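[1] Generate coordinates for the sequence data below:
(2 chains, ligands or ions: 2)
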Amino acid sequence: MDLNSVNSEAPKDPDMYFRLLSSSSGPRLGRLALNKVTIDTPSFIAPASRGAVPHLSHDNLRDHTDIKGIYVALEDFVEKYPPNVPIYNQAAGSLRNFTSTPSESLLILSGRRVPPVTTAASNTDHSLAILTSVGFRMLPIDDYVSVVSRLRPDIVLGLPDIPSNTPGKHRGPKMVFRTDLWLQQLLNKTIATADYTPHIFAPLLPLDFEQQSYYIETLTDKIDKLSGLALYDSALATELPEELEKLPRMSVDDAESPHKVLQQVRWGIDLFNLGFITTATDAGIALDFEFPRPTAAGEEIRPLGVDLWGKEHATDLGPLGQGCNCYACRRHHKAYVQHLLVAKEMTAWVLLQIHNTKVIDQFFAAVRGSIERGSFEEDVAIFGKFYESEMPERKGQGPRLRGYQFKSQGGTGKKNPKSFTKLGAAGVPAGDMREELDEAVESGVKEVANGLEGGFAERLS
Amino acid sequence: PSALKFELTARCSTTRARASILQLPHGTVQTPLFMPVATQGSLKGLTPEQLEATGCRLCLNNTYHLGLRPGQEVLDTIKGAHALQSWPHNILTDSGGFQMVSLLDLATVTERGVEFLSPHDGTPMLLTPEHSIALQHSIGSDIIMQLDDVIATTSADTERMREAMLRSVRWLDRCIEEHSKPDPMAAVEGQTYASRQNLFCIIQGGLDLEMRRECCEEMVKRGTPGIAIGGLSGGEEKESYCKVVKACTEMLPEGKPRYVMGVGYPEDLIVSVALGADMFDCVWGTRTAIRHPQKARFGNAITSSGVLNLRSSTYATDFTPIDPHCQCPVCRPLDSPAPPLLNSSICPPSYASEGETYTAKGMGITKAYIHHLVAKETVGAHLLTMHNVAWLLALMARAREAVVGDRFPAFVKEFFEEWYQGDRGRYPGWAVEALRGVGVDLLE
Ligand SMILES: [Zn+2]
Ligand SMILES: [Zn+2]
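    Ligands and ions are numbered 1, 2, ... in the order given. Prediction:
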């Protein structure tokens, strides 16, 4: 199986890697071309969980979405202690081989997820506190630096030192010091080879510009070795020195709504690591917005999405989003997704994720068109007036929580409460029938009881 | 009337294995055939396209579940389960009676049907043969099952067993009557439901072979287009299971499909095919792919050399496909062309149509990556489910080819050889015995 070739193409002309197609400040247009992927910016990438975009198996990712970049955290791969970390030792080579990521999507490696789960321990000068699926541990900065050449991500983000609490007066300088130190290690030790050219993004901290101005100044000296900036506070994009303007800017700021995305586009962000697609999907919400607004529609303020848990969708054979051409909308309807949600069938979230990704992809295409036409500011105002400012509230239950999601929600309560009581042993068959029963039981005897009147059997009296 | 055409294409000259082409309202399938269970209208996170990519053209839905959710009214409004799940191929549904009896302690079976008190408000409720059929009419499945009086085969109460068997025959008559009513959705006025849906009877009689024979005789007389052997896979000894299947297939007409309900473990499939059964359904292959909290058995991958539990740390650094011989999209190398169709008469997948973007191209997934995902990300379950279903479908396709080429006994031997990696000492006695009974000596 030759999967190695995917990463081997270095950009022929370094200037071709990222090209600004508009003014360098304010909302900007660009084109990032790396390996086999071309991304017109502003655009988005999707955060992964354990190397997979939640709900999207690789075929659906490749054939049904336009996700051109995937944000992967090393903390998802290192639960075992060295030297037994599978991904460090694999014979086949890269992160791409390990995750079998289709070549249509860039892999962007970072240390931690966005947003990261608060860790018990703090970072040190030489290590990053992380959360693995088997608990908290420290990731030596050396490990991160040394695996890059082996994992060969298309883009690697320098590690930021971000404490879990709001940093005090003295913490700020230490954050800058460590982030600078760790970036230097990454830059010095990651060397281009015949078949791998690293593309390193320097992290910018969620601090005032003044607090990290020295560090940002030093980036201008390293510009030849840098391929981009990863902004943990997108507002910094407006204050960057001119020398850095040519670098692509990725927001790791977790923009939580299209309105926030637009604001960050205005600041000059090029790439968004967008978590809210999956958040909406998990909530059972089909995103439903267009930029700047649908042509034929009334004037009342519209929600940004439709909660498909609602019973009113049970017989609605319309698409998840009006005029949407995604697989879920072409081939399925609201009634099916509503049914699957209520039945807690995983396919519900698969279809929602495909649809929601498409909505976002179209949104960014429209944003680029708007910038090109020079009507961005007006369009943002139209969008802001037409749509509600917040994402719809989560009402229904999400998918069963697993691994990182489970921990990231913190708290001590049971996340997956048992929705059933144990059956009596009498008359319960064994083997496959028993499993069949388990499934039915899992879906909730109580709900079943409530649903009996729904037509499964007849009422006698 | 019947809405299927069953054409026997080959018979094994040694065993009772058969190969057939079965034409159903939503396309043709070939037997022997494995049918995956999409309980509530979807299969463990797969899209209908992904299910098609495994080679599936006939899957199960459960009447009990669809009857509760979305319910008959919604099913009528949106015109059935095919429309609900956008599945262009065939669907088979059970009667719903089994779940009813098993789930509700208070259920009692009377001549009228399955009676129980609503756990919600204590109202007496009733599931009759007529209502079960009416529900399956609303679902619109291509194959529907009669309501039967099913009790555990392991029950020692012969009298109750006989009562259940005879009642199942009487209920079959009521089901047939309900099914012979004019179909309001029929293309030609006056046509009955039987012209678009196929009612199968279910042979009962526990482990008592005489009782099974009596049931076969009575039910065969009723002339349903297909016949199921029910009440098995409930924990009986495998020896008894094989005897029952054999006793039934001996009596059943050659020209009708035979469906053994609830069977799907690979060895069971192979032996049952040898005994003359054609169709199987089982949740094992898909259940086992994902989490199963009490039993901790998720992460199981079916391969030609047995079942591998990919949660085992052995696989953390195994960068080979789940099964190197498997042709499913999960196992095929990244971006390799879509898997070939399982057989010549199968309908092309819907994604082959113009305007569709799904390619079913290979994904190049490794055991190491499944190990990394399993039980932590649902994508791991999707991938493993897809592989397991494809594997079972392919196993039956291979069995069919062997029957057609009249080399089925050799195929059976190869299967066991590979499954137990040459260790004949591990061959299960019941399988050796049952196969000997149809002329194949595994240990020869
Ligand atoms: Zn859509
Ligand atoms: Zn496979």
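
[2] now the helices for the stretch 251-400 of chain A?
    Using DSSP state H, counting those that start in this stretch, the helices assigned to the stretch 251-400 of chain A run over residues A:258-267, A:276-282, A:327-331, A:334-342, A:347-373, A:376-386.

[3] closest one to chain B among the ones you listed?
    Chain B lies closest to helix A:347-373 among the helices of the stretch 251-400 of chain A, at 3.8 Å (Cβ to the nearest Cβ). From N, CA and C alone the C-beta is placed, and that goes for glycine too.

[4] just checking, what packs against the closest one?
    If you count contacts as 3 or more Cβ pairs under 8 Å, 6 or more residues apart in numbering or on different chains; DSSP states H and E, helix A:347-373 packs onto strand A:43-47, helix A:58-64, helix A:258-267, helix A:276-282, strand A:285-287, helix A:327-331, helix A:334-342, helix A:376-386.

[5] would you list these in TSV and tack on mean pLDDT and mean neighbour count?
    Putting these into TSV (pLDDT from 0 to 100; neighbours: other Cβ atoms under 10 Å in any protein chain shown) gives the following:
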stretch	mean pLDDT	mean neighbour count
strand A:43-47	98	23
helix A:58-64	98	24
helix A:258-267	98	21
helix A:276-282	96	23
strand A:285-287	98	26
helix A:327-331	97	21
helix A:334-342	97	26
helix A:376-386	97	16
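
[6] want to throw the helices of the stretch 251-400 of chain A into a markdown table with distance to B:Asn388?
    Converted to a markdown table, the helices of the stretch 251-400 of chain A look like this (distance: least, Cβ to Cβ, whole Å):
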| stretch | distance to B:Asn388 |
| --- | --- |
| helix A:258-267 | 39 |
| helix A:276-282 | 25 |
| helix A:327-331 | 23 |
| helix A:334-342 | 21 |
| helix A:347-373 | 16 |
| helix A:376-386 | 46 |
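
[7] of the ones you listed, which approaches B:Pro340 most closely?
    Smallest distance to B:Pro340 across these (Cβ to Cβ): 23.2 Å, for helix A:327-331.

[8] Report the backbone C-alpha coordinates of the closest one in PDB.
    Extracted in PDB, the C-alpha atoms of helix A:327-331 (Å, rounded to 0.1, in the frame of the first residue of the first chain):
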ATOM      1  CA  TYR A 327     -26.100  14.700   0.000                       C
ATOM      2  CA  ALA A 328     -28.400  14.800   3.000                       C
ATOM      3  CA  CYS A 329     -30.700  17.300   1.300                       C
ATOM      4  CA  ARG A 330     -30.600  15.600  -2.100                       C
ATOM      5  CA  ARG A 331     -31.400  12.200  -0.900                       C
END
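
[9] Quick one: closest of the helices and strands packed on helix A:347-373 to ligand 2.
    Closest of these to ligand 2 is helix A:58-64, at 12.5 Å (criterion: Cβ to the ion).

[10] before we move on, back to that, as a markdown table, the helices and strands packed on helix A:347-373 with distance to A:Leu21 would be great.
    Formatted as a markdown table, the helices and strands packed on helix A:347-373 follow (distance: least, Cβ to Cβ, whole Å):
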| stretch | distance to A:Leu21 |
| --- | --- |
| strand A:43-47 | 13 |
| helix A:58-64 | 27 |
| helix A:258-267 | 14 |
| helix A:276-282 | 25 |
| strand A:285-287 | 27 |
| helix A:327-331 | 30 |
| helix A:334-342 | 38 |
| helix A:376-386 | 14 |
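
[11] number of nearby residues for B:Gly255?
    By the criterion of other Cβ atoms under 10 Å in any protein chain shown, B:Gly255 has 10 neighbours.

[12] Ok, A:Asn273 next?
    Look at A:Asn273: counted by other Cβ under 10 Å, it has 23 neighbours.

[13] domain ranges for chain A?
    A:16-405, A:429-461 (automatic domain parsing).

[14] averaging pLDDT over each of those domains, which comes out lowest?
    In terms of mean pLDDT, the lowest-scoring of the domains of chain A is domain A:429-461 (a mean of 48).

[15] related to what we said a few turns ago, nearest approach to B:Gly80 belongs to which of the helices and strands packed on helix A:347-373?
    Closest approach to B:Gly80 among these is made by helix A:334-342 (11.9 Å; Cβ to Cβ).
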